[in-house]
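*Asks:* Let's see this in three dimensions:
(2 chains)
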Amino acid sequence: MATQRISGSEAVIKSLLEEGVDTIFGYPGGAIMPIYDALYDYDQQVTHYLTRHEQGAIHAAEGYAKVTGKVGVCFATSGPGATNLITGLADAQIDSIPIVCITGQVASPLLGTDAFQESDVVGITMPVTKWNYQITHAEEIPDAIAKAFHIALTGRPGPVLLDIAKDAQFAQFDFEYKKCTKIRSYLPEYPVDPFQVKAAADIINEAKKPIVLFGHGVIIAHAEDELKEFIEKTGIPAAWTLLGLSALPTDHPLNVGMLGMHGNYGPNIKTNEADVVISIGMRFDDRVTGKVAAYARQAKIVHLEIDPAEINKIIKADAPVLGNAKKSLRMLIDNVNPNSHKEWLDEFKACDKIEYEKVISGDIHPKKVGLTMGEVVRIASEKTNHDAVLVTDVGQQQMIASRYFQFTQSRSNVTSGGLGTMGYALPAAMGAKIGQPNRVVFAMAGDGGFQMTIQELGTIAQYNLDIKIIVLNNNFLGMVRQWQQLFFEKRYSFTEMKNPDFVGIAKAYGLASQKVTSRDQLENAVQEMLDHQGPYVLEVVVEKEDNVFPMVPTGASISDIILES
Amino acid sequence: MKQEYIITVFSEDHIGLLSRITIIFTRRKINIDSLTVSESAIPGIFKFTIVISDTADRVQKVVGQLEKVVDVIKVYANTNDEMIYQEIALYKVSTEFLFESDKIEKIVRNSGARILEITRDYVVIEKTGHSRETQQLFDELNPYGVTQFNRSGRVAITRSTIEKLSEFLKERDAMLEQMD
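*Replies:* Numbers count the residues shown, from 1 in each chain, chains lettered A, B, ... in the order given. Presented below is the predicted three-dimensional model:
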């Protein structure tokens, strides 16, 4: 490629174009103004979305990355602009989301002088990025951006931050771009070892009561087909983590439901009865395992995992298989015998029956007067033929939606898993809608989480992002209240909320909206929302003190999952 | 059971890497007893020698986290008996005591230390050894007034007959080639 003499700022934009970027979320400010000025000339190639807060920009980038599998890109200025990204970086780090953030920084002679809007962004973001780097010379820009994209997307993905000093943005240099494919100190994934695969297959072939636990790694590796082929060949029931949701269609006969604290009854108690546990692209989070000392002690553990640090971190693996899940599953499929475990699968069905009677029926087809979150989720799912993208916030509605929303295709569930970031749904849904413009995108939030990033309604209105926003309003921080009820003697310490008129707020932003308070309005209201062209805010007033069950109380074994209080 | 480990981190030479490495320890509330950074025998590759006390299990997990750092090439954890290691200590005492009796001279001679510099006012003594030994010399000298004392971080070299890092770099290159 011939070199061109351009500014550092223009080099940033050109480098992003080289990486195939066509969407940026961001917020300008003093130290990133040269980059925004360069961006002005590229509006045909790149669409920039101005959010209302930098946290909104990075969550939007996360939502975009999750539904597309591409790197989410976001811009922010120095100082407070950059520090506002921290929550999103921490979220992307713990949930392995590929993000590249570009922050402006004060001019390099001012570094360390407490200059206006100077903060040590590289220092602050170090624990919450996969890699970060400060650029003080324009010449460094192309290589740093190439490296950033390589690191963000490969191996176990994660957020990367580049902090670019203002003088480097202004400086002219000879631009040349070369993609990064190799870094000596960084091996994205180990080649799958056939001996490890053989050892795992031997255990699986002998298993009488095996269970598959799959997570986000399956989606990240694009291994949905391999997962399906593997369980269908072996007849092994498969349960999912919160972030594995949607990798396997809900109605697949071997899909036995969600693991963990508010997961399904069957997969939780059966994990402690299985003779072999095959975990694929999941990391045994404490919300999945409950009390580790009482977790799957009877089972042999097969662990397919890309990150060597995850193997034996929480649960010791009898047969670890290191590498990319798509490749390791492919090799495993060739080494396992066709099988079926009908009686074992029937045991899950028996559990489902118990759970349906005790919990699910009352959640999704309630007989009581007050509306439940479960019925709202059921109707939203049904009315979109179980084929929408669901973006949830954090708390009760997140658990209820994950339990009852149904999926037919992968990359359809967007939620903050590891960090549990309230305020995530609204901005993440913007990125999801931009990434999947032809699909229905629901943003589901409680009254608490909705208000944490409510200003993004402004972004949604400005770009007319057709998001169907459902606010499940119980005038409480519901999950905390539930814990207070169950474990703190109903001492409702600072969990009740006096809320504004959400419909009035939506209308003030120019958004269509309505409020539903009774069951007879609900179906029509959801239908009206779906029929409406453009964004819509549906507030549903739900029962004030409903709880999410089943539940594995903190510190308890998954065998001690409770179905009612 | 907790015991002392020498963690050797081989890395690229990048600004900020020291922070990235140390926060992995501080996040888990592991105290770094000693830290030495220098270039390794391979040009461009830096070597951090970190001494901590912890259980084998926790040390293995920390090694796993350290190896995830993008600019880190390879990490080894060794027990003390697997390595040859030394620390250097400098002691400053008043010249007056050196001339008053032969006690200081005897201490220096017996401990295998050496005198680096003598001026009218002070003497600087150097001792190389394990921290137990440099501490012992401090304790012996201190009754005569050690006005300054400084002990370096640990430097360590494996007893292994193969150079593990060189072997590792060859394997890594092969793996990266294979990925194309």
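*Asks:* Identify, by residue count, the longest strand of chain B.
*Replies:* strand B:83-94 (DSSP state E).
*Asks:* Show me what it pairs with in its sheet, parallel or antiparallel.
*Replies:* Strand pairing for strand B:83-94, determined by DSSP bridges: strand B:122-129 (antiparallel), strand B:146-151 (antiparallel), strand B:155-158 (antiparallel).
*Asks:* Put the alpha carbons of that strand into PDB.
*Replies:* Coordinates of each C-alpha in strand B:83-94 appear next as PDB, following Å, rounded to 0.1, in the frame of the first residue of the first chain:
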ATOM      1  CA  MET B  83      16.700 -22.200  42.000                       C
ATOM      2  CA  ILE B  84      20.000 -20.500  42.800                       C
ATOM      3  CA  TYR B  85      19.200 -17.100  44.200                       C
ATOM      4  CA  GLN B  86      20.900 -14.200  45.900                       C
ATOM      5  CA  GLU B  87      20.300 -10.800  47.200                       C
ATOM      6  CA  ILE B  88      22.700  -8.000  47.800                       C
ATOM      7  CA  ALA B  89      22.800  -5.800  50.800                       C
ATOM      8  CA  LEU B  90      24.600  -2.600  51.600                       C
ATOM      9  CA  TYR B  91      25.300  -1.400  55.200                       C
ATOM     10  CA  LYS B  92      26.600   2.000  56.300                       C
ATOM     11  CA  VAL B  93      28.400   2.300  59.600                       C
ATOM     12  CA  SER B  94      30.400   5.000  61.300                       C
END
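*Asks:* Show me how far that strand is from its chain's centre.
*Replies:* Using Cα atoms, centre = their mean, to the nearest Å, the mean C-alpha position of strand B:83-94 is found 11 Å from that of the whole chain.
*Asks:* residue in chain B nearest to chain A?
*Replies:* Scanning chain B for the residue nearest chain A gives residue B:64, at 3.4 Å (criterion: Cβ to the nearest Cβ). Just so you know, the C-beta spots here come from the backbone N, C-alpha and C atoms, and that holds for glycine as well.
*Asks:* just to revisit the earlier point, which element follows the longest strand of chain B toward the C-terminus?
*Replies:* If you walk from strand B:83-94 toward the C-terminus, the next helix or strand you reach (DSSP states H and E) is helix B:95-100.
*Asks:* The next helix or strand after that next one vs strand B:83-94, what angle?
*Replies:* Next helix or strand after helix B:95-100 toward the C-terminus (DSSP H and E): helix B:103-111. With axes from the mean of the first three to the mean of the last three Cα atoms, to 10 degrees as the basis, helix B:103-111 and strand B:83-94 are set at 170 degrees to each other.
*Asks:* Provide a list of residues in contact with the residue of chain B closest to chain A.
*Replies:* When contacts are counted by Cβ atoms under 8 Å, 6 or more residues apart in numbering or on different chains, residue B:64 touches A:308-309, A:313.
*Asks:* can you put those in TSV and add distance to chain B and pLDDT?
*Replies:* Written out in TSV, the entries for the contacts of residue B:64 read as follows (distance: Cβ to the nearest Cβ, whole Å; pLDDT from 0 to 100):
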residue	distance to chain B	pLDDT
A:308	6	97
A:309	3	97
A:313	6	97
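*Asks:* Can you pull up the residues of chain B that come close to chain A?
*Replies:* Contact residues (Cβ under 8 Å from any Cβ of the partner chain) of chain B with chain A: B:11-12, B:15-16, B:19-20, B:23, B:27, B:60-61, B:64-65, B:67-68, B:70-73, B:169, B:172-173, B:175-176, B:178-180.
*Asks:* about what we covered before: quick one: which helix or strand includes the residue of chain B closest to chain A?
*Replies:* helix B:56-68.
*Asks:* can you pull the buried residues of the helix or strand following that helix?
*Replies:* Reading on from helix B:56-68 to the C-terminus, the next helix or strand found by DSSP H and E is strand B:72-79. Of the residues in strand B:72-79, those with enough neighbours to count as buried (16 or more other Cβ atoms under 10 Å in any protein chain shown) are B:72-78.
*Asks:* do stretch B:129-139 as well
*Replies:* By 16+ other Cβ under 10 Å, the buried positions in stretch B:129-139 come out as B:129, B:131, B:133-135, B:137.
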